[in-house]
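>>> Structure, please.
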Amino acid sequence: MIMQNISFKGTVGKDWDSVDPRLKAFFLGLADHTRQKYDKGIILTCLIRSVEYNLSIGGNPKSAHLPSEGRAGDIRSRTFTAEEAAEIVAWVKMVWGNFIHFIHHNSGNGEHFHANINHPFKRDGWRNGV
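Residues are numbered from 1 along each chain as shown. As a prediction, this is how the structure comes out:
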């Protein structure tokens, strides 16, 4: 898969195959949008977290970042201005509606975008083609 508008922080790319394909489609669409509108791609900084790491940073024990879920990811936001970040959040809400929970926030580790497939759209067994 060619992902010219997506890059990964450190070793985060190793987790790409463990992400729900619907979230991958979201990231690809978002990256195309930011490239067209701002001439900037996106940098994924977190996809999958081990249970131990997630708990050590105060993450929700049922986080969508966990390996059993694969339906969340964090995106570096410091490459975008505050105005661009607000526009991106509005664009995601307009295009993806309730399917994707998408926010720009600081959870203690710096500002970033967080995206996850909302729980009502969770699809158990997607790894098995269900």
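>>> which stretches of the protein have low pLDDT?
Scanning the chain for pLDDT under 70 picks out the ranges 1-2, 54, 63-68, 119-130.
>>> can you rerun that using 80?
Judged against pLDDT under 80, the low-scoring parts of the chain cover residues 1-3, 49-51, 53-69, 107-109, 119-130.
>>> now the lengthiest helix in the chain, how far from the chain's geometric center?
Identified as the longest helix of the chain according to DSSP state H is helix 21-38. Centre-to-centre, helix 21-38 and its host chain are 10 Å apart (CA atoms, centre = their mean, to the nearest Å).
>>> In it, which residues are buried?
23-24, 26-28, 30-31, 33-34 (16 or more other CB atoms under 10 Å). In short, each C-beta sits where N, CA and C put it, glycine included.
>>> Repeat that for stretch 107-117.
So, applying 16+ other CB under 10 Å, buried residues of stretch 107-117: 112-117.
>>> what helices or strands is the longest helix of the chain leaning on?
Counting contacts by 3 or more CB pairs under 8 Å, 6 or more residues apart in numbering; DSSP states H and E, helix 21-38 packs against strand 6-8, strand 42-46, strand 72-76, helix 82-96, strand 111-117.
>>> Buried residues in the longest one, which are they?
The neighbour-count check on helix 82-96 (16+ other CB under 10 Å) flags 85, 87-89, 92, 96 as buried.
>>> TSV please, covering these and showing distance to residue 7.
Compiled in TSV, the buried residues of helix 82-96 are given as follows (distance: CB to CB, whole Å):
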residue	distance to residue 7
85	18
87	21
88	17
89	21
92	19
96	22
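>>> between those, which is nearest residue 41?
Lowest distance from residue 41 to the buried residues of helix 82-96 (CB to CB) belongs to residue 88, with 12.5 Å.
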